[in-house]
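Sequence and predicted structure are below.
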Amino acid sequence: MSETMTDPDIDIDALRRWIGRTETRSELLTPALAERFNATFGRNGPLDDGAEAPLLIHLCLTQPAVPAGELGPDGHPSRGGFLPPVPLPRRMWAGGAFTFHRPLRLGATVTRLSTIRDAVLKRGRTGPLCFVTVEHEISDGDGPAVTERQDIVYRGVDTGAPKAEPDAAAPGAHRKEIAADPVLLFRYSALTFNGHRIHYDQPYVTGEEGYPGLIVHGPLQATLLAQYAADLRGAMPSEFRFRSLSPLFDTADFTLNAQDTAEGMSLWTSRPDGPVAMEAIARW
């Protein structure tokens, strides 16, 4: 639970001046990237120019190439620039939504137009939380392909206070086990040019940030769930929304779960005997 708040150490009015700021980047969607993407997820697909690109491969495109000297100690780019300089040490992808207008195609130049839509300060269990909402319009020469909302949360360091463990998630009608191994996490970090050390640097994540193991990326879980939904229905969804609830670590494999609903499909990830880590809704 969280509630809107003020904090004397965080000037939310200054951060909200970033609302409306835009950034545009373009990149060629190559068959080589699609081949590496499919290899990472254990999938197959056509690699010819003009072929339909894998679902959510756009998350691997147009990522900022920040020089090593401009990275923070956690491997993230230094604060400021396109995103507002939120003075909280931890940054995570809390959730988001995708509207799929049509598939991207291999060999096309893909453009991402990003806009800061909101910045809100709230109080959570561990202290202040700052939520920044970013909208991405993904297009190519044929027009819009994906509209994405990205919810980023900034928070302080966990105080280590004991917290109640949520109830274990029930299995879905459809269920698939995923091996949460360091190779998968490293490959996805490489595909997305993500230097955040919590995903591949085990001594750092356990010694400096106090987690029990490497953390499974939010976008990686979202991609697996969206792929699972598309595989089960035999078609790409038109809408996909998701929210992160608890972390997954490489200390145990995890499962993809799905349940048909009147409006589409409910999906979630969880570790064995653990709570829901990410929940999602897919519609066609």
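Nice, I can see it.

how about low-confidence regions in this structure?
Within the chain, the stretches with pLDDT under 70 are 1-8, 79-80, 158-165.

which strands and helices sit next to the longest helix along it?
Across the chain, the longest stretch assigned as helix under DSSP state H is helix 218-233. Here helix 218-233 touches helix 31-41, strand 90-100, strand 174-178, helix 182-191, strand 239-244, strand 254-260, strand 265-270, strand 276-283, going by 3 or more C-beta pairs under 8 Å, 6 or more residues apart in numbering; DSSP states H and E. The C-beta positions use only the backbone N, C-alpha and C, and glycine is treated the same way.

Next, the contact list for the residue positioned nearest the centre of the chain, please.
Centroid check for the chain by C-alpha atoms, centre = their mean gives Pro219 as the closest residue, at 2.7 Å. For Pro219, the contact set (C-beta atoms under 8 Å, 6 or more residues apart in numbering) comprises 56, 59, 93, 188, 192.

so can I have CSV of these showing distance to Gly124?
Shown next, in CSV, are these (distance: C-beta to C-beta, whole Å):
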residue, distance to Gly124
Leu56, 28
Leu59, 26
Trp93, 16
Tyr188, 27
Thr192, 26
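
Among the residues you listed, which one has the most neighbours?
Most neighbours among these, by other C-beta atoms under 10 Å: Leu56, with 25 neighbours.

Report the contact partners of the nearest residue to that one once chain neighbours are set aside.
Take Leu56 and drop its neighbours on the chain: the residue closest to it by C-beta to C-beta, 6 or more residues apart in numbering is Thr223, 4.4 Å away. Contacts of Thr223 were listed using C-beta under 8 Å, 6+ apart, and they are 41, 55-56, 59.

So which of these is the closest to Thr255?
Phe41 (15.7 Å; C-beta to C-beta).

Surely that closest one and Leu225 touch.
No: using C-beta atoms under 8 Å, Phe41 is not in contact with Leu225, being 11.9 Å away.

can you count the residues close to Gly195?
As a burial measure, Gly195 scores 17 neighbours (other C-beta under 10 Å).

oh, I was asking about Cys130
Residues within reach of Cys130, counting by other C-beta under 10 Å, total 22.

Next one: the residue nearest to it when sequence neighbours are not counted relative to Pro128, how far apart?
Using C-beta to C-beta, 6+ apart and skipping the chain neighbours, the partner closest in space to Cys130 is Tyr154 (4.3 Å). Computed with C-beta to C-beta, to the nearest Å, the distance linking Tyr154 and Pro128 is 9 Å.
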